[in-house]
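# next come a sequence and a model predicted from it.
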Amino acid sequence: MTTMKVLILYASITGNAKGMARVLEQFFTHAQAQVTVGEMQQTDAATLTHYDIVVLATYTWTGGTIPEESEDFYLDMGHTDYSQQPLVFGVVGTGDPYYGKDYNTAPALFTATLRASGAIQGAETVKIANGVDEGNMPAFEKFTKQLLSKYQDVHDAAN
């Protein structure tokens with residue numbers, strides 16, 4: 001049996017999204033997955049096809065948009081077919097409630113693009129305010145378990 005390959009990508013200015021990525025890395029490593037962590041802006045969207053599960057950790061930019069440094073990656077995802085493997089994904093977001101209606105809206109944009117490109121959403125999006133703390137751990141644990149379960153369901157159905 002091959003080891004499940006998980007890719008966790010983040011876009012982070014303050015370190016909050018990177019912190020979420022590092023927490024999720026620990027959860028997936030504990031589940032015996034082979035985990036790679038990197039930055040969206042340094043990743044080719046086609047690379048996602050080499051993984052079983054992809055997690056995107058993001059913040060929301062001014063006006064409720066995706067982070068400026070991840071725009072090329074985001075656009076490339078929209079032009080990539082992820083339906084062949086199939087690819088299971090999840091998105092987590094961090095934001096500041098101060099921004100009102102624009103609070104933590106980028107995760108929905110990433111989710112919509114991945115779904116439109118044929119990827120399978122494997123977990124409910126987790127959104128946190130600002131940085132990761134102990135109180136977020138149950139949500140991240142549930143998120144990880146949902147992704148692992150969805151991957152197993154998809155993998156079993158394909159075989």
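Structure received.
# for residue 13, phi and psi?
Taking degrees, to the nearest 10, you get phi -100, psi -50 for the backbone angles of residue 13.
# likewise residue 123?
Torsion angles, degrees, to the nearest 10, at residue 123: phi -160, psi 150.
# what of residue 32?
Main-chain torsions, residue 32, degrees, to the nearest 10: phi 70, psi 20.
# that one is in contact with residue 3, isn't it?
Yes - counting by C-beta atoms under 8 Å, residue 32 does reach residue 3; the two are 7.0 Å apart. For glycine as for every other residue, the C-beta is placed from the backbone atoms N, C-alpha and C.
# check the offset of the longest helix along the chain from the chain's centre.
In the chain, taking DSSP state H as the definition, the longest helix is helix 137-158. How far helix 137-158 lies from its chain's middle: 13 Å, per C-alpha atoms, centre = their mean, to the nearest Å.
# and what of stretch 128-144?
How far stretch 128-144 lies from its chain's middle: 14 Å, per C-alpha atoms, centre = their mean.
# ok, and what's touching that stretch?
14-16, 19-20, 23-24, 27-28, 31, 90, 92-97, 123-124, 126 (C-beta atoms under 8 Å, 6 or more residues apart in numbering).
# can you rerun that using 6 Å?
Residues outside stretch 128-144 that contact it (C-beta atoms under 6 Å, 6 or more residues apart in numbering): 16, 19, 20, 23, 27, 90, 94, 97, 123, 126.
# could you pick out the buried ones from these?
Buried members of these, counted by 16 or more other C-beta atoms under 10 Å: 16, 19, 20, 23, 27, 90, 94, 123, 126.
# pLDDT added to those residues, as CSV?
Shown next, in CSV, are the buried ones among the contacts of stretch 128-144 (pLDDT from 0 to 100):
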residue, pLDDT
16, 96
19, 97
20, 98
23, 98
27, 98
90, 98
94, 95
123, 97
126, 97
